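# only geometry, no sequence info:
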Ligand code: NAD
């Protein structure tokens, strides 16, 4: 018996086999969930369909999350085919590259609106459509990053979007809690994915986090998948409105220098 037997989970944001969303989809499927996938654009279909086959998923729907019409189509299809939904995973983010590097004060109005729309507002738009389908209660998850809490170089507009996403998590948890719907965010450490490749200097950050984190390791999409399973299943039955760090402990550090670094100073 699996922890997710009989549950239906809709996952937005699988682009390829490195995607965090894929790590989550695989883990929920291993525990018995029926997985439904939605991907951003036609160019990704050839990557997403073969992955879907690996987890017996035949619900693979295109959706640009900035479009209310396209979101309506996806959720209407979920209602028609399955009648209800148990888990919603939001693993979606986007910002223009020029709004990630350079100076923070140079973030453009257009770039700010787009990044916040795709990376934060879309969680509200999805939750609004998912809630009526979560007739037996449910679990909504999104993916965030520590740059929402502390200043990290080169995250700029995405840091602001993640701060918004975390606050949206708390407000949705309060709004939907009476219906038995839990809403949580996972704050993952750096993982090499397509989205991460857009952050200038990402490889250096990855190496640095590995050296500094208490567990002296990076995290993987599988690590995130395990925490997602906890939050999506009944194991997380009384947990809502939380931002759970899956970052090998990096966020607890006040000073990220190791003992060895200090000795060298
Ligand atoms: P990824 O590139 O595999 O996933 C990002 C997804 O967002 C892609 O599938 C992309 O198609 C989708 N997307 C972008 N614009 C969209 C739009 N308009 N409509 C629909 N989908 C759209 O990269 P990832 O690292 O797996 O990112 C998943 C989530 O995890 C993001 O929210 C990201 O910010 C977050 N996250 C990533 C890391 C990391 O280091 N990789 C760390 C913490 C949090």
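Perfect, thanks for sending it. Predicted, not measured: the structure shown is a model, and the values here were computed from it. Residues are numbered from 1 along each chain as shown.

# Give me the neighbour count for the closest residue to residue 86 other than its chain neighbours.
Closest residue to residue 86 in three dimensions, ignoring its sequence neighbours and counting by CB to CB, 6 or more residues apart in numbering: residue 7, at 4.1 Å. (Glycine included, C-beta is placed from N, CA and C.) Residue 7: 23 surrounding residues under other CB atoms under 10 Å.

# how close does residue 7 sit to the ligand?
From residue 7 over to the ligand the distance is 21 Å, taken as CB to the nearest ligand atom, to the nearest Å.

# Where do the strands of the stretch 51-200 of the chain begin and end?
60-62, 87-90, 138-144, 181-188 (DSSP state E, counting those that start in this stretch).

# quick one: which helix or strand includes residue 10?
Using DSSP states H and E, the secondary-structure element containing residue 10 is strand 8-12.

# and the helix or strand just after that strand, average pLDDT?
Using DSSP H and E, the helix or strand that follows strand 8-12 in sequence is helix 20-30. Computed over helix 20-30, the mean pLDDT rounds to 98.

# got the angle for helix 20-30 vs strand 181-188?
Counting by axes from the mean of the first three to the mean of the last three CA atoms, to 10 degrees, helix 20-30 lies at 130 degrees to strand 181-188.

# now helix 20-30, how far from the chain's geometric center?
Computed by CA atoms, centre = their mean, to the nearest Å, the chain-centroid distance of helix 20-30 equals 12 Å.

# Could you list every helix and strand in contact with the helix or strand just after that helix?
Next along the chain after helix 20-30, taking DSSP H and E as the criterion, comes strand 34-39. If you count contacts as 3 or more CB pairs under 8 Å, 6 or more residues apart in numbering; DSSP states H and E, strand 34-39 packs onto strand 8-12, helix 20-30, helix 45-54, strand 60-62, helix 68-82.

# May I have the strands that pair with strand 34-39, each with its orientation?
Using DSSP bridges, the strands paired with strand 34-39 are strand 8-12 (parallel), strand 60-62 (parallel).

# could you give the mean pLDDT of the helix or strand containing residue 263?
According to DSSP H and E, residue 263 maps onto helix 259-264. Helix 259-264 comes out with an average pLDDT of 83.

# residues in the stretch 51-200 of the chain within reach of the ligand, list them.
Residues of the stretch 51-200 of the chain lying near the ligand by CB under 6 Å from any ligand atom: 63-66, 91-94, 118, 143-145, 188, 190-191, 193-196.

# Please repeat the previous calculation with a cut-off of 8 Å.
Residues of the stretch 51-200 of the chain lying close to the ligand (CB under 8 Å from any ligand atom) are 63-66, 90-94, 118-119, 122, 142-146, 158, 162, 165, 186-197, 199.

# how far away is residue 180 from residue 152?
To residue 152, residue 180 is 35 Å away according to CB to CB, to the nearest Å.

# about what we covered before: let's have the helices and strands packed on strand 34-39 in TSV, adding mean neighbour count and distance to residue 110.
Below are the helices and strands packed on strand 34-39 laid out as TSV (neighbours: other CB atoms under 10 Å; distance: least, CB to CB, whole Å):
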stretch	mean neighbour count	distance to residue 110
strand 8-12	25	23
helix 20-30	24	26
helix 45-54	15	28
strand 60-62	16	24
helix 68-82	15	20
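
# Among these, which comes closest to residue 263?
helix 20-30 (35.8 Å; CB to CB).
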